[in-house]
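> Quick one: sequence plus predicted model below, questions after.
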Amino acid sequence: TLKGVIAKVEWTNPHIRFYMDVKSPGGSTARWEISGPSVNSLARNGAKKLSLKIGETVTVDGFLARNVKNLANMKTVKSVDGKILLDRIGDQK
């Protein structure tokens, strides 16, 4: 689980990517790359290009890359109020 601020969004096939700045407990900030499903897959579930906004604080649940630092594959992306913005499997709200 990562919490941070969206810095860049790439809403392109074969799958979306977005980048977020995550603060560590020590106070330093690291840029994380988050990989998601295809644009078509997300669109079928109701997501739109504007579902993620630069500057928005989000929480990402997902899986860390095995051999690449600061790379994760998203499962869900939630806003600060807990609303699901993107979901790899279910419906977007």
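Done, it's in.
> For residue 48, what are phi and psi?
Main-chain torsions, residue 48, degrees, to the nearest 10: phi -130, psi 160.
> Okay, buried residues for stretch 27-41 please.
Using 16 or more other C-beta atoms under 10 Å as the test for burial, stretch 27-41 gives 32, 33, 34, 35, 36, 37, 39. Just so you know, the C-beta spots here come from the backbone N, C-alpha and C atoms, and that holds for glycine as well.
> what does stretch 38-52 give?
39, 42, 47, 51, 52.
> Could you count how many residues lie near the nearest residue to the first one once chain neighbours are set aside?
Meaning residue 39. Spatially, and ignoring its direct neighbours in sequence, residue 39 is nearest to residue 13 (5.4 Å; C-beta to C-beta, 6 or more residues apart in numbering). Close neighbours of residue 13, defined as other C-beta atoms under 10 Å, add up to 9.
> Just say helix, strand or coil for residue 41.
With DSSP: H, G, I helix; E, B strand; the rest coil as the basis, residue 41 sits in helix.
> Tell me the confidence at it?
We have a pLDDT of 87 for residue 41.
> which residues does it contact?
Residue 41 makes contacts with residue 88, as judged by C-beta atoms under 8 Å, 6 or more residues apart in numbering.
> Spell out, range by range, the strands that occur in the protein.
Along the chain, counting by DSSP state E, strands occupy 2-10, 17-23, 29-35, 57-64, 71-79, 84-87.
> Pull up the gap between residue 14 and residue 53, please.
Residue 14 sits 23 Å away from residue 53, going by C-beta to C-beta, to the nearest Å.
> Comparing those two, which shows the higher neighbour count?
Per other C-beta under 10 Å, whichever of residue 14 and residue 53 has more neighbours is residue 53, with 11 against 8.
> Now do the contacts for the more buried one.
Per C-beta under 8 Å, 6+ apart, neighbours of residue 53: residue 6.
> cool, the one 5 residues further on as well?
Contact partners of residue 58, counting by C-beta under 8 Å, 6+ apart, are 3, 4, 5, 6, 20, 52, 77, 78, 79, 80, 85.
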